[in-house]
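Asks: Take a look and give me a structure for this.
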Amino acid sequence: MRDLDLTTLKLFVATCDAGSITRAAAHSHIVGSAISKRIAQLEAQLRTPLMVRRRHGIELTGAGETVLEHARAMLLAAEHLERDMDAFAAGARGQVRVLATLSTMAESLADDIAAFLSRPEHAGIRVDVEERISAAVVRGIREGVASVGICWDTADLQDLQSCGYRHDHLAIVVPPEHPLAARGEVSFADSLAWEHVGLPVNSAVEIMLMRAAAEQGRRLNFRMIVTSFEAAMRIVRARLAISVVPMEAVTAYVDAYGLRVLPLTDVWARRRFALCYRSEKTLTPAARLLVQYLSTRG
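Replies: Numbering: from 1, shown residues only. Predicted coordinates for the structure are as follows:
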């Protein structure tokens with residue numbers, strides 16, 4: 001197969017996003033005939049139709065949907081490459097891209113990276129971090145999106161190398177007048193009589209909580225789903241639901257909102273995080289230094 005042209009892929013993605021060649025041309029400041037010609041050339045190169053031209057727009061074929069997915073990934077990789085090279089041109093001696101879960105981002109990762117970068121011997125290193133759920137962290141490392149991933153060590157780390165990072169403890173957070181508030185600690189089963197506010201349902205914690213409820217022959221009722229610990233704590237403060245969260249991630253909110261934190265007594269509530277990467281050989285010197293440093297934390 002001939003080399004794929006990034007400009008053509010960019011115009012193909014723009015057309016898919018806009019829903020028509022005409023709108024894509026207006027957004028890209030290029031005539032529609034030029035986009036149409038490039039897409040036709042791409043279809044000829046790939047030997048399959050990618051879209052059906054309709055009177056009021058375009059409709060992707062099955063092949064077009066597949067090309068769109070890969071084109072987005074290729075353009076993102078090209079963007080990362082350009083940014084990394086800009087960093088080197090600006091004097092950076094190393095670039096490390098990290099994928100990390102919400103828990104690690106909310107707890108200690110930012111402070112640990114700041115401490116790593118503050119060392120004189122690391123002055124020329126740049127670290128970029130992107131938040132993802134555990135499964136997406138692992139998938140991103142396997143696909144080469146980033147050098148280092150940080151996630152719950154119960155994730156499927158098969159074919160990856162890993163080492164320990166930090167740990168945390170899941171707890172129930174409730175308003176001060178809640179029936180559970182007087183207890184020093186609780187089991188997860190104790191919380192199932194009340195509605196919960198949860199994080200995205202495909203996150204590792206929420207999947208584990210639903211499984212734990214099912215093992216009790218019960219159902220975990222989510223009243224609300226949010227994307228941050230702060231939002232979850234606001235909902236608990238409003239007396240709308242209770243929440244299972246890492247104690248280490250919500251200390252500031254709990255203190256500010258006057259909430260009660262009750263550590264879970266379940267064995268699985270004590271979590272360990274893992275640093276994962278494809279192999280030692282794939283780590284750049286800067287990434288290797290970061291892994292070595294983070295593995296000594298906690």
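Asks: Endpoints of stretch 214-232, how far apart?
Replies: In stretch 214-232, first residue to last residue: 23 Å (Cα to Cα, to the nearest Å).
Asks: Go through that stretch and flag the buried ones.
Replies: By neighbour count on 16 or more other Cβ atoms under 10 Å, the buried set for stretch 214-232 is 220, 222, 226, 229, 231, 232. In short, each C-beta sits where N, CA and C put it, glycine included.
Asks: Enumerate every residue touching residue 28.
Replies: 11, 14, 35 (Cβ atoms under 8 Å, 6 or more residues apart in numbering).
Asks: Also residue 282?
Replies: Contacts of residue 282 (Cβ under 8 Å, 6+ apart): residue 147.
Asks: repeat for the one 5 residues further on
Replies: Taking Cβ under 8 Å, 6+ apart as the definition of contact, the neighbours of residue 287 are 94, 96, 147, 148, 277.
Asks: quick one: the first one and residue 124 touch, right?
Replies: Yes - here residue 94 lies in contact with residue 124, judged by Cβ atoms under 8 Å, at a distance of 6.3 Å.
Asks: In terms of neighbours, single out the busier of these two.
Replies: residue 94 (19 against 14; other Cβ atoms under 10 Å).
Asks: Am I right that residue 141 is in contact with residue 148?
Replies: Yes - contact criterion Cβ under 8 Å: residue 141 and residue 148 qualify, at 7.4 Å.
Asks: okay, those two: which has more neighbours?
Replies: Legend: neighbour count by other Cβ under 10 Å for residue 141 and residue 148, higher for residue 141 (26 against 23).
Asks: my guess is the more buried one is in a helix, correct?
Replies: Yes - under DSSP: H, G, I helix; E, B strand; the rest coil, residue 141 falls within a helix.
Asks: how about the residue nearest to it when sequence neighbours are not counted, what does it touch?
Replies: Once flanking residues are discounted, residue 141 sits nearest to residue 149: 4.2 Å by Cβ to Cβ, 6 or more residues apart in numbering. Applying Cβ under 8 Å, 6+ apart to residue 149 gives the contacts 98, 99, 100, 137, 138, 140, 141, 160, 275, 276, 277.
Asks: which helices and strands does the host helix or strand of the fourth one pack with?
Replies: Under the criterion DSSP states H and E, the helix or strand holding residue 137 is helix 134-142. Packing contacts for helix 134-142, counted by 3 or more Cβ pairs under 8 Å, 6 or more residues apart in numbering; DSSP states H and E, involve strand 94-100, strand 148-152, strand 270-277.
Asks: and the contacts of residue 28 as a markdown table, adding neighbour count and pLDDT?
Replies: A markdown table is the format used below for these (neighbours: other Cβ atoms under 10 Å; pLDDT from 0 to 100):
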| residue | neighbour count | pLDDT |
| --- | --- | --- |
| 11 | 24 | 94 |
| 14 | 17 | 93 |
| 35 | 21 | 93 |
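Asks: Now do the strands in the stretch 151-298 of the chain.
Replies: Remark: strands assigned in the stretch 151-298 of the chain by DSSP state E, counting those that start in this stretch are 161-174, 196-198, 222-225, 243-246, 260-263, 270-277.
Asks: Now render those strands as a markdown table, adding mean pLDDT and distance to residue 67.
Replies: As requested, those are exported to a markdown table (pLDDT from 0 to 100; distance: least, Cβ to Cβ, whole Å):
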| stretch | mean pLDDT | distance to residue 67 |
| --- | --- | --- |
| strand 161-174 | 95 | 33 |
| strand 196-198 | 94 | 36 |
| strand 222-225 | 93 | 32 |
| strand 243-246 | 94 | 40 |
| strand 260-263 | 96 | 49 |
| strand 270-277 | 95 | 30 |
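Asks: Out of these, the one nearest residue 204 is which?
Replies: Set against residue 204 and scored by Cβ to Cβ, those come closest in strand 270-277, at 9.1 Å.
Asks: All good on my end, thank you.
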